[in-house]
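Novice: build the 3D model from these lines:
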Amino acid sequence: PAWSPAPNDLILVAVALRDETRPVLVSGNGLTFVEIANLDNAQNQTGVNLFRAMGAAPTSGPITVTLSGNSLPAIASATRFAGAETSGTNGSGAIEALATNAGPPVTDDDDMKINVTTVSPNAWAYAAGTHRLATFALPSGQIAISINNVAGADGDKTTLSTWYRAAPAPGMVTLGADNDLNSVRDWAVIAVS
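Specialist: Alright, predicted model coming up:
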């Protein structure tokens, strides 16, 4: 839906898709969205992409996600953060670290988690994960943005969760946890600080 970002809000758009071979484009709010990561599940069952944008004069309106030729489920979540670093272009200065975890390469598990190393004091560590046919339980000390959003039906479902945790001092931060999915499934997760 339409929204009205404030000047210099960092906007992160996560897109989970069942057909991870499709190119993903994000546009809207008079901003340039730049892909941070494009991660396919290790067993090629699903994928998650993460985009960033920032601008001094964003416009009101919706964000559009384009998946050319896609016929399988996809879901997106946009989040805006005030007070992020404004250096660089299109939010590049606000992203100080990136980590990805494509999930287990052979045998699925229920441990959708990732480590990202923060650089600045009082940073936030943000995660976007796709977890096919499973329910994500938010670990203690981590804060939901939007979790367990589902698109599709039957075996072609895809699910997207976004969440974060505060990192008062620089260092490694774990997002997710062992057994945070209610069943052993395919998953993939991207994290940024």
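Novice: going forward, measure contacts and count neighbours with C-alpha atoms only.
Specialist: Will do.
Novice: spell out for me which residue occupies the centre of this structure.
Specialist: Computing the C-alpha centroid of the chain and ranking residues by Cα atoms, centre = their mean puts Ala128 first, at 2.7 Å.
Novice: report the strands that pair with whichever strand or helix holds that residue, each with its relative direction.
Specialist: Applying DSSP states H and E as the criterion places Ala128 in strand 123-131. Here strand 123-131 has these sheet partners by DSSP bridges: strand 158-167 (antiparallel), strand 187-192 (antiparallel).
Novice: following it, which helix or strand comes up?
Specialist: The C-terminal neighbour of strand 123-131 among helices and strands, as given by DSSP H and E, is strand 143-151.
Novice: in that following strand, what counts as buried?
Specialist: Using 16 or more other Cα atoms under 10 Å as the test for burial, strand 143-151 gives 143-144, 147-151.
Novice: ok, now stretch 20-31?
Specialist: 20, 22, 24-29, 31.
Novice: with adjacent residues omitted, what lies nearest to Trp124?
Specialist: Nearest non-adjacent residue to Trp124, counting by Cα to Cα, 6 or more residues apart in numbering: Ala166, 4.6 Å away.
Novice: about what we covered before: shouldn't the residue nearest to the centre of the chain be in contact with Trp163?
Specialist: Yes - using Cα atoms under 8 Å, Ala128 makes contact with Trp163 at a distance of 6.8 Å.
Novice: tell me the contacts of the nearest residue to Ile63 once chain neighbours are set aside?
Specialist: Excluding its sequence neighbours, the residue lying closest to Ile63 (Cα to Cα, 6+ apart) is Gly28, at 4.5 Å. Gly28 is in contact with 61-64, counting by Cα atoms under 8 Å, 6 or more residues apart in numbering.
Novice: quick check on these: which are buried?
Specialist: Ile63.
Novice: what's the closest of the contacts of Gly28 to Thr46?
Specialist: Thr64 (20.5 Å; Cα to Cα).
Novice: how about the closest one: which residues does it bridge to?
Specialist: Applying DSSP bridges, one finds that Thr64 bridges with Ser27.
Novice: wait, what's in contact with it?
Specialist: 26-28.
Novice: can I get those residues in CSV including distance to Leu39 and pLDDT?
Specialist: Putting the contacts of Thr64 into CSV (distance: Cα to Cα, whole Å; pLDDT from 0 to 100) gives the following:
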residue, distance to Leu39, pLDDT
Val26, 16, 98
Ser27, 20, 98
Gly28, 23, 98
